[in-house]
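Asks: Give me coordinates for this.
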Amino acid sequence: MTQTHTLNARKPKWIQGSNLLFFQVFGTMSQMSLPRGSCCLIGLSSTVLGSVLLLSGCVSKTMSAQTLLTAHPGLRAATNHASDRRLQVLLSWVRSDPSGGANLDRSGYRVDAEYFYPASTIKLCGAVAAVQALEAGPPYPTWATLDTPLAFEPLFDDQQREASDETNLEGGAITLRHEIRKLFIVSDNQAYNRLYDFVGQEELNRRMWAAGATTVRLTHRLSEGRSMGDNTRTRAVEFMGPPASGAKADGAVLPIVKIPARTAGPLPFPIAGTEPLGLDVGTSYIAAEGKVEHPMNFADKNRTSLVDLQDMLVMTVRPDVNLGPNKPGFKLTPKHRAVFLQAMEELASESANPRYDPKENPDFDFKFLLPGLLRIAPRDQWIIRNKIGQAYGFSIENAYVECRSTGRACFVTATIFTCAKGVLNSDDYEYETVAMPFMADLGEAVGRELAAPAGR
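Replies: Numbering: from 1, shown residues only. Below you'll find the model as predicted:
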């Protein structure tokens with residue numbers, strides 16, 4: 001994939017300019033236990049709802065999240081409203097291991113101090129679970145590949161059978177490969193919902209738990225107004241064989257294997273007292289019947305801890321990183337993992353299939369850190385593999401960033417809530433004026449560290 005090109009997109013005010021700071025202060029590191037939400041370095045085996053332990057044996061010159069945030073004027077200003085904005089940042093600097101693997105030097109700012117809505121960042125789960133299900137075989141056909149045509153049967157009254165995708169310029173079929181590409185490149189909601197149906201709600205969650213991401217609870221599709229009960233039901237999926245492999249009727253290929261519609265059982269939510277704090281968000285919200293004068297409750301919505309969200313990205317893009325015995329990670333074939341890496345790195349303007357209108361899908365909309373990274377070095381110096389999310393006033397970036405010139409890399413996971421008036425579903429969010437400038441400044445701060453000479 002070619003990396004050198006002119007970025008498409010409008011240029012909001014928050015992209016302009018640079019603070020051009022040289023950070024010379026490094027965070028100190030010590031071993032201690034700290035409560036939820038503390039500014040601390042956290043270890044690889046840290047759990048979300050409890051204490052987090054410092055990683056021992058870290059490199060002394062790793063910049064902590066606290067130091068990085070306070071050293072940058074734009075980021076420092078954001079910390080003045082950290083609680084109101086539910087600000088959380090988790091940095092994990094990648095360090096090579098003598099054995100040939102890698103470890104993480106981690107530091108967090110208010111990590112999992114309260115609930116955040118993960119929005120589209122959880123689409124990574126759908127993509128991974130779908131490919132794992134395919135690799136596992138029965139009831140999925142063993143001959144099926146990422147390019148096998150699929151059809152989805154209607155389940156609800158407002159649905160029709162779906163057996164084609166006009167955005168797929170290579171045959172027009174619905175395939176796992178194409179849905180995965182749409183999901184990562186432009187955060188396509190329909191793509192995620194198809195993968196949700198492909199795997200089923202229960203299997204989707206169980207695969208995340210098996211990998212060690214035990215705080216994940218995926219309870220609903222995205223941008224579909226379904227009840228909780230409806231979201232436990234998933235559509236029947238047909239695997240359409242290539243023309244030479246099946247009988248034909250009126251020139252159409254008949255389905256070879258059909259995965260029936262499924263209904264998931266109840267998900268085992270955490271016991272009382274272990275749920276995240278702050279499940280009531282805002283002061284009011286807009287519903288179908290009008291304005292509701294109390295906070296929106298997110299108890300039934302998708303959730304994950306910030307640590308598990310980042311770890312699922314680590315499992316996907318850097319399986320060589322040791323996350324400890326409680327997080328065995330995602331088992332994916334190298335061939336399938338390569339599909340993920342390419343789709344996660346590719347910009348909308350670079351995609352040949354699907355093709356995207358740069359006015360409707362600006363590159364910066366899907367790489368929140370990129371504007372700040374470009375203040376430090378040109379685009380061809382950065383590898384960015386990420387999944388963003390934005391909804392209900394929450395903006396979340398979950399990214400792996402690597403500087404090509406130095407080889408240094410870092411995982412960056414951050415969330416910020418920007419709804420000053422407190423009215424959810426009103427679309428009155430400060431995305432452009434607060435959230436995106438924060439993410440750009442965070443990209444600049446991390447990028448300056450990654451581009452700095454080793455040992456400075």
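
Asks: Look up how far Y356 lies from the most centrally placed residue in the chain.
Replies: Nearest to the mean C-alpha position of the chain, counting by C-alpha atoms, centre = their mean, stands T121 at 2.8 Å. Going from T121 to Y356 by C-beta to C-beta, to the nearest Å gives 20 Å. All C-beta atoms are positioned from the backbone trio N, CA, C, and that covers glycine.

Asks: now A127
Replies: 18 Å.

Asks: Tell me which of the two has more neighbours.
Replies: For A127 versus Y356, neighbours defined as other C-beta atoms under 10 Å are more numerous around A127 (26 against 20).

Asks: Would you mark the buried spots in stretch 224-243?
Replies: For stretch 224-243, the neighbour count (16 or more other C-beta atoms under 10 Å) marks 231-241 as buried.

Asks: Mind putting those into JSON lines with pLDDT?
Replies: Shown next, in JSON lines, are these (pLDDT from 0 to 100):
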{"residue": "N231", "pLDDT": "97"}
{"residue": "T232", "pLDDT": "97"}
{"residue": "R233", "pLDDT": "98"}
{"residue": "T234", "pLDDT": "98"}
{"residue": "R235", "pLDDT": "98"}
{"residue": "A236", "pLDDT": "98"}
{"residue": "V237", "pLDDT": "97"}
{"residue": "E238", "pLDDT": "95"}
{"residue": "F239", "pLDDT": "94"}
{"residue": "M240", "pLDDT": "88"}
{"residue": "G241", "pLDDT": "74"}
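
Asks: could you pull out the strands for the stretch 151-300 of the chain?
Replies: 233-234, 237-240, 248-249, 252-253, 255-259, 262-263, 280-281, 284-287, 290-292, 296-297 (DSSP state E, counting those that start in this stretch).

Asks: swap that for the stretch 301-450 of the chain, please
Replies: For the stretch 301-450 of the chain, applying DSSP E, counting those that start in this stretch gives strands covering 382-391, 394-403, 409-417, 423-424.

Asks: what would those look like in a markdown table with mean pLDDT, mean neighbour count and distance to L195?
Replies: Listed next are the strands of the stretch 301-450 of the chain as a markdown table, based on pLDDT from 0 to 100; neighbours: other C-beta atoms under 10 Å; distance: least, C-beta to C-beta, whole Å:
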| stretch | mean pLDDT | mean neighbour count | distance to L195 |
| --- | --- | --- | --- |
| strand 382-391 | 98 | 22 | 13 |
| strand 394-403 | 98 | 25 | 17 |
| strand 409-417 | 98 | 25 | 22 |
| strand 423-424 | 98 | 22 | 26 |
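
Asks: What segments of this structure are helices?
Replies: 65-71, 73-79, 123-136, 176-185, 189-199, 201-210, 228-231, 306-317, 334-345, 370-373, 436-451 (DSSP state H).

Asks: among those helices, which is nearest T413?
Replies: Among the helices of the chain, helix 306-317 comes nearest to T413, with 4.1 Å by C-beta to C-beta.

Asks: contact partners of stretch 433-446?
Replies: By C-beta atoms under 8 Å, 6 or more residues apart in numbering, the residues outside stretch 433-446 that reach it are 12, 14-15, 18-19, 21, 23, 68-69, 71-72, 74-75, 78, 85, 89, 91, 364, 368-373, 375-376, 390, 395, 397, 401, 410, 412, 414, 416, 418, 429.

Asks: Return the distance of it from the chain's centre.
Replies: Here stretch 433-446 is found 17 Å from its chain centre; the criterion is C-alpha atoms, centre = their mean, to the nearest Å.

Asks: likewise stretch 140-150?
Replies: Distance, stretch centre to chain centre, for stretch 140-150: 25 Å (C-alpha atoms, centre = their mean).

Asks: Tell me if I'm right that R262 and F198 touch.
Replies: No - using C-beta atoms under 8 Å, R262 makes no contact with F198, being 10.6 Å away.

Asks: of these two, who's got more company?
Replies: Taking other C-beta under 10 Å, R262 and F198 do not tie; F198 has more neighbours (25 against 17).

Asks: Just give me the neighbour total for the nearest residue to that one once chain neighbours are set aside.
Replies: Spatial nearest neighbour of F198, excluding adjacent residues (C-beta to C-beta, 6 or more residues apart in numbering): A130 at 5.0 Å. Residue crowding around A130 was assessed by other C-beta under 10 Å; the count is 26.

Asks: quick one: contacts for A130?
Replies: By C-beta under 8 Å, 6+ apart, the contact set of A130 is 176, 179-180, 195, 198-199.

Asks: what do you get if the cut-off is 6 Å, keeping everything else the same?
Replies: 176, 195, 198-199 (C-beta atoms under 6 Å, 6 or more residues apart in numbering).

Asks: Now render those residues as TSV, adding pLDDT.
Replies: TSV is the format used below for the contacts of A130 (pLDDT from 0 to 100):
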residue	pLDDT
L176	98
L195	98
F198	98
V199	98
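
Asks: Which one of those is nearest to F340?
Replies: Using C-beta to C-beta, the contacts of A130 come closest to F340 at L176, 11.4 Å.

Asks: do you know how far the residue nearest to that closest one when sequence neighbours are not counted is from A236?
Replies: Using C-beta to C-beta, 6+ apart and skipping the chain neighbours, the partner closest in space to L176 is L146 (4.6 Å). Between L146 and A236 the computed distance is 20 Å (C-beta to C-beta).

Asks: try G212
Replies: According to C-beta to C-beta, G212 stands 31 Å off from A236.

Asks: do the same with A288
Replies: Between A288 and A236 the distance is 29 Å, computed by C-beta to C-beta.

Asks: list the contacts for A211?
Replies: Contacts of A211 by C-beta under 6 Å, 6+ apart are 315, 329-330.

Asks: Could I get the pLDDT score of the residue nearest to T215 when sequence neighbours are not counted?
Replies: Nearest in space to T215, with sequence neighbours left out and distances taken as C-beta to C-beta, 6+ apart, is S305 at 4.1 Å. pLDDT, S305: 96.

Asks: Measure how buried S305 is and give me the count.
Replies: By the measure other C-beta under 10 Å, the count of residues near S305 is 25.

Asks: where does this structure have low pLDDT?
Replies: Counting by pLDDT under 70, the chain contains low-confidence residues at 1-61, 242-255, 271-274, 455-456.
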